[in-house]
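> quick one, what's the 3D model for this:
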Amino acid sequence: MTPPTIRFGAREDGRGEQGAALVELPLAVVALCVLALCVTALGQLFVDYHHLSGAARAAARYATKSDYDPARSPASSSRRPTNAEVAAFAQHAAAPLPAAEVGVSLTPDSVAGPGVTVHVSRTAGGGAYGLVTGTANRLLGLVGAERLPPVTLHADATAIYE
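Numbers count the residues shown, from 1 in each chain. Here you go, the predicted model:
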């Protein structure tokens, strides 16, 4: 009687598992690439919010200043910038975001004293975020599901008049 032969990596029917790695590796690489792209898209949203919140704070400070501005054209006795000037300042301060995509509104605020609240917003899109949501919307369309709603980033800042 001969002892049974033990072969590692082989099944009882004699077939090995050498092809398993050939199938599993592409699936793992695709999963890691999707994860990396999603993390990049989330990072893009954080950077966009950082630019918006900085623009809101800068515009609130600009709106409450009472300095004479000799660069104004035409010269005016008004010592405060107008709402349109504050909105243009906020859009410029939100760079590198496109100024046309940045919405700005001002509201009076009298909670801590006479002041102003600047609201800055932008609908996210483009870049890695646009790639991820576009792909997800196409996949959802294949199964008949609703599209993902757009994400709008908001930042507010309040300042008191000097």
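> quick check, central residue of the protein?
The structure's the chain has its C-alpha centroid closest to Leu45; by Cα atoms, centre = their mean the separation is 1.7 Å.
> contacting residues for that one?
Listed by Cβ atoms under 8 Å, 6 or more residues apart in numbering, the contact partners of Leu45 are 124, 129, 151, 153. Heads up, the C-betas are built off the backbone N, CA and C, glycines and all.
> roughly how far does the last one sit from Val132?
When you say that, I think you mean Leu153. 16 Å (Cβ to Cβ, to the nearest Å).
> cool, and Val23?
Distance from Val23 to Val132, by Cβ to Cβ: 26 Å.
> and if you look at Thr2?
60 Å.
> neighbour-wise, which of the two wins?
Val132 (18 against 4; other Cβ atoms under 10 Å).
> spatially nearest residue to the more buried one, not counting backbone neighbours?
Ala41 (4.4 Å; Cβ to Cβ, 6 or more residues apart in numbering).
> how about the helices in the chain?
With DSSP state H as the criterion, the chain has helices at 20-63, 83-93, 127-142.
> quick one: mean pLDDT for the longest one?
Read it as helix 20-63. Average pLDDT, helix 20-63: 92.
> what is the burial count for Leu52?
24.
> which one is it nearest to, not counting chain neighbours?
Ala155 is the one closest to Leu52 (Cβ to Cβ, 6+ apart), at 4.1 Å.
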